[in-house]
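Visitor: the following comprises the amino acid sequence and a computationally predicted model.
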Amino acid sequence: MSTEKKKEKPIKIPKAHILNLGRVRKIVLLILMGLFLYFSCILILANATANKIKVLQNTVTNLSAKMNQESAGTTSYNPLVGEYLTNFLNLYYSSSTSDSDKRTQ
């Protein structure tokens, strides 16, 4: 009876990675907090961009108004300039050959 039956040791099977309810709650909470922080940053950046665009639009409007005021005197009709321009065009487009010599001089 030297060949006694030896008791076999039970084989331990490793447990699969199990997430209990507490861990799942923590993970979901961390994800939600991360999303909240991310969208908060996006909202702050969008607000800053909107304010900058508003300031730039006001600046463009003011500068356009100033340009219109400053250029009002130069683009308005001046009778002397109109008379000079009429005479110049009449002289320039006349079909006489003797006038063409006067134009080049």
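Guide: Sure thing, it's come through.
Visitor: pull the longest helix from this protein.
Guide: The longest helix of the chain (DSSP state H) is helix 21-75.
Visitor: what mean pLDDT does it get?
Guide: For helix 21-75, the mean per-residue pLDDT is 90.
Visitor: how far is it from where the chain is centred?
Guide: Relative to its chain's centre, helix 21-75 lies at 10 Å (CA atoms, centre = their mean, to the nearest Å).
Visitor: phi, psi of Glu8?
Guide: Per-residue torsions, Glu8: phi -80, psi 140 (degrees, to the nearest 10).
Visitor: looking at it now. What's its pLDDT?
Guide: 78.
Visitor: count of residues packed around it?
Guide: If you count neighbours by other CB atoms under 10 Å, Glu8 ends up with 6. C-beta coordinates here come from the backbone N, C-alpha and C atoms, glycine included.
Visitor: got it, and Lys7?
Guide: By other CB under 10 Å, 6 other residues sit near Lys7.
Visitor: now swap in Tyr38 and tell me
Guide: Neighbour tally, Tyr38, other CB under 10 Å: 10.
Visitor: please renumber the chain so that the first residue is 359 from this point on.
Guide: Sure thing, new numbering starts at 359, so read that last one as Tyr396.
Visitor: how close does it sit to Ile369?
Guide: 47 Å (CB to CB, to the nearest Å).
Visitor: how close does Gly380 get to Leu387?
Guide: For Gly380, the distance to Leu387 - CB to CB - is 11 Å.
Visitor: centroid-nearest residue for this structure?
Guide: Closest residue to the average C-alpha location of the chain: Thr407 at 8.4 Å, with CA atoms, centre = their mean.
Visitor: check contacts around that residue.
Guide: Listed by CB atoms under 8 Å, 6 or more residues apart in numbering, the contact set of Thr407 is empty.
Visitor: ok, it to Leu447 distance?
Guide: Distance, Thr407 to Leu447, by CB to CB: 52 Å.
Visitor: and if you look at Ile389?
Guide: Distance from Ile389 to Leu447, counting by CB to CB: 77 Å.
Visitor: likewise Lys365?
Guide: From Lys365 across to Leu447, the span is 122 Å (CB to CB).
Visitor: then Ala423?
Guide: Taking CB to CB, one finds Ala423 at 34 Å from Leu447.
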